[in-house]
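S.K.: Take a look and give me a structure for this.
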Amino acid sequence: MTPDGFRKLALSFPGTSEGEHMDHPDFRVRGKIFATIRPDAAWGVVMLTPSQQKQVIAASPKSFVPVKGGWGRGGATQVLLKAVKAAEARDALALAWRNRAGDEPPLLRRSL
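M.R.: Sure, this is the predicted structure:
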């Protein structure tokens, strides 16, 4: 997946806007960041719960890793863009979007 592909997936969720946070793109719903693209453009980040993080890492350990430090312990999860499949990225983004929006995302392919 490319950074543009990740961006398009993130922006496909209702009410999502793109902004900038610490010199890199972020994606927000209801004013809350649910995903970002790291400055090196090799990684995305999705804001999951710790339980969701464990599930996505178990399902695809080559695509997902915790962010280092406290953010990672809280569920922030890096997405290796060159390794992740589009369906996996969409599912992780859907979880992150729902965490921030408080709604069920449309067209969620499957539960993780």
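S.K.: What residues sit buried inside the helix or strand hosting Ile57?
M.R.: Here Ile57 is covered by helix 50-59, with elements defined by DSSP states H and E. Taking 16 or more other CB atoms under 10 Å as the basis for neighbour counts, the residues of helix 50-59 that come out buried are Gln52, Gln53, Lys54, Gln55, Val56, Ile57. Where C-beta positions appear, they are placed from N, C-alpha and C, glycine not excepted.
S.K.: what's the next secondary structure element after that helix?
M.R.: Proceeding C-terminally, helix 50-59 gives way to strand 64-66 as the next helix or strand, assigned by DSSP H and E.
S.K.: In its sheet, which strands sit next to that following strand, and in what direction?
M.R.: Partner strands and pairing direction for strand 64-66 (DSSP bridges) are strand 76-80 (antiparallel).
S.K.: does Met1 really touch Ala89, like I thought?
M.R.: Yes. Applying CB atoms under 8 Å, one finds Met1 in contact with Ala89, separated by 5.8 Å.
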